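Participant: Below: sequence and its predicted model.
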Protein chains: 2
Amino acid sequence: MIKYQQIAIEIETYIEEHKLQQGDKLPVLETLMTQFKASKSTVTKALDLLEKKGVVFQVRGSGIFVRRHKRTGYIGLLSNQGFTSELEDFHLTSEVIELDVRKPTQEAALNLNIAEDSDAYYVKRVRYINGQTLCLEKSFYNKSIVTYLNNEIVSESIFHYIKEGLGLKIGFSDLYLHVGKLSREEARYLGLKEGDPKLFIETLFHLANGQPFDFSKVTYNYEQSQFFLQATSHVL
Amino acid sequence: MIKYQQIAIEIETYIEEHKLQQGDKLPVLETLMTQFKASKSTVTKALDLLEKKGVVFQVRGSGIFVRRHKRTGYIGLLSNQGFTSELEDFHLTSEVIELDVRKPTQEAALNLNIAEDSDAYYVKRVRYINGQTLCLEKSFYNKSIVTYLNNEIVSESIFHYIKEGLGLKIGFSDLYLHVGKLSREEARYLGLKEGDPKLFIETLFHLANGQPFDFSKVTYNYEQSQFFLQATSHVL
DNA sequence: CAGTATAATTGTATCGATACAATTTATCAA
DNA sequence: TTGATAAATTGTATCGATACAATTATACTG
């Protein structure tokens, strides 16, 4: 494990274990340097990582403080690693509706940056949280990257498989978010009424090298849809 | 202006001016170093900033590439600087419904971390984008931080005033996001029907030193609500 | 020519040093 | 006690050097 990541993990663990609250002060840089036997640059890098994650914030001349959102039961929108890792504390299951290899739609091909006559995995599934329907998901995976999928993988965590099974590194993703009314089909899968509110998110997931590999459209059950996200101002 | 920020701005400008697309390669680090007469660390810091902003992504052994989302007409959710700066390209106006100093609600006091009998500015306004209702906003500002507001400020950009007029530095914010059905009151202000879908976002804005100064509840017109956001995987 | 090993390219991790800016604390005068 | 001023604290910016890891290009081999 890389040193600054290790330091970041240990600091985060420390915060968890000591149940530190928003605004609580961490030891000063100098102390952390000696404690972790690392240079100033390395510790700073660890702290920058934690700041990016929304775990701490730093104030020059003052110190390093814990940043925490206060509410529970909200799903983090920026995890980017799939919900399975995000929602470990909840009981998350999936029912696979469709799983096959097919030609991508024009839209999917465009987003995945592949030819329309190339192959893609298509996955349609309903995900449940604590027994309630959470969302209806329809995804296209670039088959030349995600070379194999089966029912077992898809009913568990696809992203876990992509990382561990295929050894791919997930990079960044673009999310497009709409609010609208449920279609009849969506309502049926989610156990709601046609015309009810929906949160609709299209996401294009990329590998660390920039290749898009998953274009997904997800319709959320509005009754279960509580999301939070942490923003930071980037000066420019 | 700080050097690495300046470099970041120049790189971003370069991307804009040359209309570089997703995946286009930037000059290598070595080149940027000599071009900007800066050390490797400084250029790297500029690039990290741009990566955080979602402007570029870096691939070790390969290069630095442009990252761009392809869709227009979407509002960035993470700008954190208020919509006025975010939506410069659009015609954004505000109609002030209420503006006064009052005691905060229990909820607002809790979030702003002030006593319930202390003073807060309350602002209620409807915001319009290109002539259409965009959202209904209800905000409490900690009066001991945001010491003064008037109708003119509130009908323009509050955040611009806080930064420039009051000289305060905005830090981070926590967003809580729900989907639901419009109440009669909300529907009336937004020109929609009761029971129509709504996107509802509560945001707690903090100064750079961690003090919360603005607790706001915003109800969005679902017909205008197209948001995008860029996620990055933070390893841990 | 395909496949593999090797070398060159290119970003990342780490150290440490110097100077500096924002904040907080201490000091001292009125 | 108050308020200004100075000093100490503490994170930030920048340089530069070394080693390294991932990718890409090249050379080699069969």
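Facilitator: Arrived safely, thanks for sending. Numbering: from 1, shown residues only, chains lettered A, B, ... in the order given.

Participant: After the worst-scoring helix or strand of chain A on mean pLDDT, which helix or strand is next? Please name it.
Facilitator: Evaluated with mean pLDDT, DSSP states H and E, the helix-and-strand set of chain A has its lowest mean pLDDT in helix A:83-86, which scores a mean of 64. Once helix A:83-86 ends, the next helix or strand along the chain (criterion: DSSP states H and E) is strand A:92-102.

Participant: can you list contacts of the helix or strand following that following strand?
Facilitator: Secondary structure here is assigned by DSSP H and E; on that basis, the next helix or strand after strand A:92-102 toward the C-terminus is helix A:106-112. With contacts defined as Cβ atoms under 8 Å, 6 or more residues apart in numbering or on different chains, helix A:106-112 is touched by A:104, A:115-116, A:118, A:120, A:140, A:142, A:204, A:212-215. Where C-beta positions appear, they are placed from N, C-alpha and C, glycine not excepted.

Participant: Buried residues, helix A:106-112. List them.
Facilitator: Of the residues in helix A:106-112, those buried by neighbour count under the rule 16 or more other Cβ atoms under 10 Å in any protein chain shown are A:108-109, A:111-112.

Participant: ok, these vs DNA strand D, which is closest?
Facilitator: Set against DNA strand D, the nearest of the buried residues of helix A:106-112 by Cβ to the nearest atom of the strand is residue A:112 (18.2 Å).

Participant: Doesn't residue A:30 lie inside a helix?
Facilitator: Yes: assessed by DSSP: H, G, I helix; E, B strand; the rest coil, residue A:30 belongs to a helix.

Participant: pLDDT wise, what is it at?
Facilitator: Per-residue confidence at residue A:30 stands at 97 (pLDDT).

Participant: Tell me, how many residues neighbour it?
Facilitator: Neighbour count of residue A:30, defined by other Cβ atoms under 10 Å in any protein chain shown: 10.

Participant: which residues touch it?
Facilitator: Taking Cβ under 8 Å, 6+ apart, one finds nothing in contact with residue A:30.

Participant: so which two of the buried residues of helix A:106-112 are the farthest from each other?
Facilitator: Greatest spatial distance among these (Cβ to Cβ): A:109 and A:111, at 7.5 Å.

Participant: I'd say residue A:209 and residue A:170 touch.
Facilitator: No: contact status for residue A:209 versus residue A:170: not in contact, 10.5 Å apart, counting by Cβ atoms under 8 Å.

Participant: Looking at the two, which has the bigger crowd around it?
Facilitator: When neighbours are counted by other Cβ under 10 Å, residue A:170 comes out ahead of the other of residue A:209 and residue A:170, with 18 against 14.

Participant: residues contacting that one?
Facilitator: With contacts defined as Cβ under 8 Å, 6+ apart, the neighbours of residue A:170 are A:80-81, A:159, A:162-163, A:205-208, B:233.

Participant: at 6 Å what do you get?
Facilitator: Applying Cβ atoms under 6 Å, 6 or more residues apart in numbering or on different chains, one finds that residue A:170 lies in contact with residue B:233.

Participant: how near is it to DNA strand D?
Facilitator: Counting by Cβ to the nearest atom of the strand, to the nearest Å, the separation of residue A:170 from DNA strand D is 12 Å.

Participant: which residues pair with that residue across the strands?
Facilitator: Here residue A:170 sits in beta bridges with residue A:207, as judged by DSSP bridges.

Participant: how close does residue A:50 get to residue A:33?
Facilitator: According to Cβ to Cβ, to the nearest Å, residue A:50 stands 15 Å off from residue A:33.

Participant: So if I had to pick from these two, which one is more boxed in?
Facilitator: Just comparing residue A:50 and residue A:33: by other Cβ under 10 Å the higher neighbour count belongs to residue A:50, 25 against 18.

Participant: nearest residue to that one other than its sequence neighbours?
Facilitator: Using Cβ to Cβ, 6 or more residues apart in numbering or on different chains and skipping residues adjacent in sequence, the residue nearest residue A:50 is residue A:56, 4.7 Å away.

Participant: For the one you found, give the beta-bridge partners.
Facilitator: Residue A:56 forms beta bridges with residue A:66, as assigned by DSSP bridges.

Participant: Number of residues surrounding it?
Facilitator: The number of residues packed near residue A:56 is 25, by other Cβ under 10 Å.

Participant: which ones are touching it?
Facilitator: Residue A:56 sits next to A:50, A:64, A:66-67 when contact means Cβ under 6 Å, 6+ apart.

Participant: can the contacts of helix A:106-112 go into TSV with extra columns for neighbour count, pLDDT and distance to residue A:72?
Facilitator: Listed next are the contacts of helix A:106-112 as TSV, based on neighbours: other Cβ atoms under 10 Å in any protein chain shown; pLDDT from 0 to 100; distance: Cβ to Cβ, whole Å:
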residue	neighbour count	pLDDT	distance to residue A:72
A:104	24	97	38
A:115	10	94	45
A:116	12	94	44
A:118	13	94	43
A:120	26	97	37
A:140	26	98	33
A:142	24	96	36
A:204	20	96	29
A:212	23	96	33
A:213	23	96	32
A:214	27	97	29
A:215	25	97	31
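
Participant: Do a quick rundown of the strands in chain A.
Facilitator: When secondary structure is read from DSSP state E, chain A shows strands at A:56-59, A:63-66, A:75-76, A:92-102, A:120-129, A:132-142, A:170-181, A:197-207, A:212-221, A:226-232.

Participant: and the fifth one, how far out from the chain's middle?
Facilitator: Distance, stretch centre to chain centre, for strand A:120-129: 16 Å (Cα atoms, centre = their mean, to the nearest Å).

Participant: likewise the fourth one?
Facilitator: The offset between the C-alpha centroid of strand A:92-102 and the centroid of the whole chain comes to 19 Å, using Cα atoms, centre = their mean.

Participant: before we move on, what about the last one?
Facilitator: Its chain's average C-alpha position is 12 Å from that of strand A:226-232, according to Cα atoms, centre = their mean.

Participant: can you check the first one too?
Facilitator: For strand A:56-59, the separation from the chain centroid amounts to 23 Å (computed by Cα atoms, centre = their mean).

Participant: Dump the C-alpha coordinates for that strand into PDB.
Facilitator: Output of strand A:56-59 as PDB, limited to C-alpha atoms (Å, rounded to 0.1, in the frame of the first residue of the first chain):
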ATOM      1  CA  VAL A  56     -11.600  16.800   6.800                       C
ATOM      2  CA  PHE A  57     -11.000  20.500   6.000                       C
ATOM      3  CA  GLN A  58      -7.800  22.400   6.600                       C
ATOM      4  CA  VAL A  59      -7.500  26.000   7.700                       C
END
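
Participant: Tell me the buried residues in it?
Facilitator: Applying a neighbour-count criterion of 16+ other Cβ under 10 Å, one finds A:56-58 buried in strand A:56-59.

Participant: near DNA strand D, from those?
Facilitator: Filtering the buried residues of strand A:56-59 for proximity to DNA strand D (criterion: Cβ under 7 Å from any atom of the strand) leaves residue A:58.

Participant: Kindly indicate which of the buried residues of strand A:56-59 lies nearest DNA strand C.
Facilitator: Using Cβ to the nearest atom of the strand, residue A:58 comes nearest to DNA strand C of the buried residues of strand A:56-59, at 10.6 Å.

Participant: Contact partners for the closest one?
Facilitator: With Cβ under 6 Å, 6+ apart as the criterion, the residues that contact residue A:58 are residue A:64.
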